[in-house]
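Q: below are the sequence and a predicted model; questions follow.
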Amino acid sequence: MSSLLQQLEQAAQGLWFLSESESALEPFTLPAGTALETEADFLKAMGSTGQPVEQVTLPYFFRNMVRQDPGQDPAQQAIAQRFVALQQWLEANLQEVRVYRVGQIQVQAYVVGKTEEGSWLGLKTTLIET
């Protein structure tokens, strides 16, 4: 598991998720046996009970970050390619990948998936949406 965590840290290193602000993508883990069958289970596991939560797909969550337009400069294209590679890594190395968005305006976003050992591994970031 620590190998996967290191790989994820490396894949996300230096990437910033853009909303109305920029926030780093920070790796996190949840122990094996943690139940994430429902949004309420996720809130309980994260200690965020009582917050509004919604679940979205990984492609939907990364849609703006992976988009490549002809007018982008090479640096923007390189960042988009890194997000494509990150999304592919998550899909290839984790099972049951899902994205939880917790809160309103200042949204805590969590991308999480299950490892082969049964623990949960993912990335978290903060989105500002007014």
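A: Thanks, I have it.
Q: of all residues in this structure, which one is nearest the centre?
A: Nearest residue to the geometric centre of the chain (Cα atoms, centre = their mean): Val111, 2.9 Å.
Q: packing partners of the longest helix seen in the chain?
A: Longest helix of the chain, by residue count under DSSP state H: helix 74-93. Packing partners of helix 74-93 (3 or more Cβ pairs under 8 Å, 6 or more residues apart in numbering; DSSP states H and E): helix 2-12, helix 58-66, strand 106-114. Every C-beta, even on glycine, is put in place using the N, C-alpha and C of the backbone.
Q: buried residues of the helix or strand of the chain with the lowest mean pLDDT, list them for me.
A: One helix or strand of the chain scores below all others by mean pLDDT, DSSP states H and E: helix 39-46, with a mean of 92. Using 16 or more other Cβ atoms under 10 Å as the test for burial, helix 39-46 gives 39, 42-43, 45-46.
Q: again, but for stretch 109-124
A: Buried positions in stretch 109-124, judged by neighbour count with 16+ other Cβ under 10 Å: 109-115, 119-124.
Q: for stretch 76-86, same thing?
A: 79-80, 82-83, 86.
Q: so how far is Leu25 from the nearest residue to Gln104 once chain neighbours are set aside?
A: Leaving out its chain neighbours, the residue that sits closest to Gln104 by Cβ to Cβ, 6 or more residues apart in numbering is Pro52, at 5.9 Å. Separation of Pro52 from Leu25 (Cβ to Cβ, to the nearest Å) stands at 22 Å.
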